[in-house]
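J.: structure of the sequence below:
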Amino acid sequence: MVRIYDLRQKEIINVKDGTRFGFVADIEIDEKSGEITKIIVPGPARVFGVFGRDSEYSIPWDSIKQVGDDIILVDVDADDCLEEL
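T.: A predicted model of the protein is given here:
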């Protein structure tokens, strides 16, 4: 069993190219089924990371390949997951 708090402590890494997305910031849940549909990770920082972020990675739950003690491995195309806020 994994709690949402535990997910937030794990770093997301893409197995396609080794990209480190960062840590889980939020999750998306289907209201009807109660299933997690996506994990949300903050996108790249703007201008030296000083002025916040204007995008986020929305990673489908079925793209998760492995949940380890410290990391979550996903298999995604980063450009397809990046969404503007």
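J.: where does the chain dip in pLDDT?
T.: Scanning the chain for pLDDT under 70 picks out 47-53.
J.: now do the helices in it.
T.: 4-8, 78-81 (DSSP state H).
J.: so which elements touch the last one?
T.: I take that to be helix 78-81. Taking 3 or more CB pairs under 8 Å, 6 or more residues apart in numbering; DSSP states H and E as contact, the helices and strands that helix 78-81 lies on are strand 55-60. No exception for glycine: its C-beta is placed from N, CA and C like everyone else's.
J.: redo that, cut-off 10 Å
T.: The elements that helix 78-81 packs onto, with contact taken as 3 or more CB pairs under 10 Å, 6 or more residues apart in numbering; DSSP states H and E, are strand 36-42, strand 55-60.
J.: quick check: which of those is nearest to residue 67?
T.: Among these, strand 36-42 comes nearest to residue 67, with 10.4 Å by CB to CB.
J.: ok, back up a step: looking at the helices of the chain, which is buried most?
T.: helix 78-81 (a mean of 14; mean count of other CB atoms under 10 Å).
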